[in-house]
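*Asks:* Pasting the sequence and the predicted model now:
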Amino acid sequence: MMVGRPPRALKVVGALVATGALVSGILVMAQGGGAGDTDGRSGRPGPQPADVTRFFEVMRLAFTGVLADAATFDQRVSEVASGSRPPADLTADLDASLRRAEGTRDLVGASADLPGLPQARRLYLCSALLYTEALWALRAAAGSTDPGRAELVRQGQRLKVLSNRVYDRGTLWADPGLPVVRETPDWQREGLLAGPGPEVTEGWGRTLTAFTDTVRPKVAAPTDHEPSLARMAMLVDDEAVAAFSAASSTSGSLLTLHQDRARRLALLGEDLWGVAPERRGGTGLPDHPRSGFDRAGLEPRPVPGVGDDGLGSR
């Protein structure tokens, strides 16, 4: 999503890419820029140009809600951070944003039977879910007080960046030559470094901390040209730990909200780690620990009127 990116990120086409970039991707692939022949990463036959074109057409429609909502994200960040609006009004707006993001989740899910590029579709689904979690972080912030509010706002911003970059990975999966942001996020460089929070000493948050502490040194350092899904997954794990930490210092409805967010983020970290293990940044990496948390909040729901081939018939 180019809207709201810092100027340094505008050097290339952003993630949750604007419609024009999706069209560019379709044209490149249809001309043989990334489809047909063989998959350069595995040597297997690649998707056919017609399938790729159809896939991107469907994704463009599926992400309509998120793309429209993204235009207001930075405004919501400012409003939550400053407390300049009545909480009830702000919560109502964020709830409407959540419904739009969940609609994108459901429409991407409805495209599961489209031929070609299943891994790209999985990454787009993860992107939509991470954007939803960015909104949930703002939703939690709207009901919190400083300093907790400021930390949750920053987490929402980080999750939006992660959503952008995961979308970019899906686009690169379809065509490695497309001009998208390739670097793994660096929160210090982005100005979004998390502040200190209560240490998570037990439960799943501790399990995730132990896992990332063990595997992080084994994953190749990120570069602008070699995106690492393993590092992306660990960054999502970090956000899950942050949500578990927030839960440890609150109570009531906010406690439930943080616990639910933490569990969903833990599942998304698992999902990203499991996508395309041949593209992980290191070698000999272990399997991600499995939490067994309920996936109900992440699973796409059926969309009435949508056929088996995705968003309507050809």
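*Replies:* Here it is on my side, so go on.
*Asks:* residue boundaries of the helices in the stretch 201-314 of the chain?
*Replies:* Secondary structure of the stretch 201-314 of the chain (DSSP state H, counting those that start in this stretch): helices located at 203-215, 229-247, 252-274.
*Asks:* in the longest one, what's buried?
*Replies:* Buried residues in helix 252-274, counting neighbours by 16 or more other CB atoms under 10 Å, are found at 254, 257-273. Using the backbone N, CA and C atoms, a C-beta is placed for each residue, glycine as well.
*Asks:* who does it touch, helix- and strand-wise?
*Replies:* Helix 252-274 sits against helix 118-142, helix 203-215, helix 229-247, with contacts defined as 3 or more CB pairs under 8 Å, 6 or more residues apart in numbering; DSSP states H and E.
*Asks:* now these in a markdown table, with mean neighbour count, mean pLDDT and distance to residue 112?
*Replies:* Shown next, in a markdown table, are these (neighbours: other CB atoms under 10 Å; pLDDT from 0 to 100; distance: least, CB to CB, whole Å):
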| stretch | mean neighbour count | mean pLDDT | distance to residue 112 |
| --- | --- | --- | --- |
| helix 118-142 | 25 | 94 | 7 |
| helix 203-215 | 17 | 94 | 28 |
| helix 229-247 | 25 | 93 | 20 |
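*Asks:* which one of the ones you listed lies closest to residue 178?
*Replies:* helix 118-142 (11.3 Å; CB to CB).
*Asks:* Does anything pack onto the closest one? Which helices or strands?
*Replies:* Helix 118-142 packs on helix 49-62, helix 64-70, helix 73-82, helix 87-109, helix 148-174, helix 229-247, helix 252-274, going by 3+ CB pairs under 8 Å, 6+ apart.
*Asks:* go again using 6 Å as the cut-off
*Replies:* Secondary-structure packing of helix 118-142 (3 or more CB pairs under 6 Å, 6 or more residues apart in numbering; DSSP states H and E): helix 73-82, helix 87-109, helix 148-174, helix 252-274.
*Asks:* Among the ones you listed, show me which one is buried the most.
*Replies:* helix 148-174 (a mean of 24; mean count of other CB atoms under 10 Å).
*Asks:* would you turn the helices and strands packed on helix 252-274 into JSON lines with distance to residue 63?
*Replies:* Shown next, in JSON lines, are those (distance: least, CB to CB, whole Å):
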{"stretch": "helix 118-142", "distance to residue 63": "7"}
{"stretch": "helix 203-215", "distance to residue 63": "29"}
{"stretch": "helix 229-247", "distance to residue 63": "19"}
